[in-house]
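Trainee: make a model of this:
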Amino acid sequence: MAQIDLDKVLDKAYADKDLATILAAPVSALKGVSDRDGELLQEAFNVKTVADLANLKYARWAQALAALDV
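Mentor: Predicted structure coming up:
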């Protein structure tokens, strides 16, 4: 089972939310992702939510390649 410290990866407004709410949140809910970053992700890849970013095929490809370098 995967675990993550939500305080380290989420904006404080989302740290106490349930998983469904976090996944439906805008990508700016992630620490270090600005509203402008979210706008650019939407323009480039139609990514609007945290779930969209997680399911972005380019992100998945990059993760798979990085996993090969273990």
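
Trainee: got the buried residues for stretch 38-45?
Mentor: For stretch 38-45, burial by neighbour count (16 or more other Cβ atoms under 10 Å) applies to 38, 41. All C-beta atoms are positioned from the backbone trio N, CA, C, and that covers glycine.

Trainee: contacts for it?
Mentor: Contact partners of stretch 38-45, identified using Cβ atoms under 8 Å, 6 or more residues apart in numbering, comprise 26-28, 47-48, 52-53, 56, 58.

Trainee: buried members of those into PyMOL, please.
Mentor: Of those, the buried ones can be selected in PyMOL as follows, counting by 16+ other Cβ under 10 Å:
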select buried, resi 26+27+28+47+52+53+56
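
Trainee: looking at the contacts of stretch 38-45, spot the one nearest residue 65.
Mentor: Proximity of the contacts of stretch 38-45 to residue 65 (Cβ to Cβ) peaks at residue 58, which lies at 10.7 Å.

Trainee: which SS state does that closest one fall under?
Mentor: helix (DSSP: H, G, I helix; E, B strand; the rest coil).

Trainee: do the same with residue 21
Mentor: helix.

Trainee: thinking again about what came up before, narrow the contacts of stretch 38-45 to those in helices?
Mentor: Those of those mapping onto helices are 52-53, 58, per DSSP state H.
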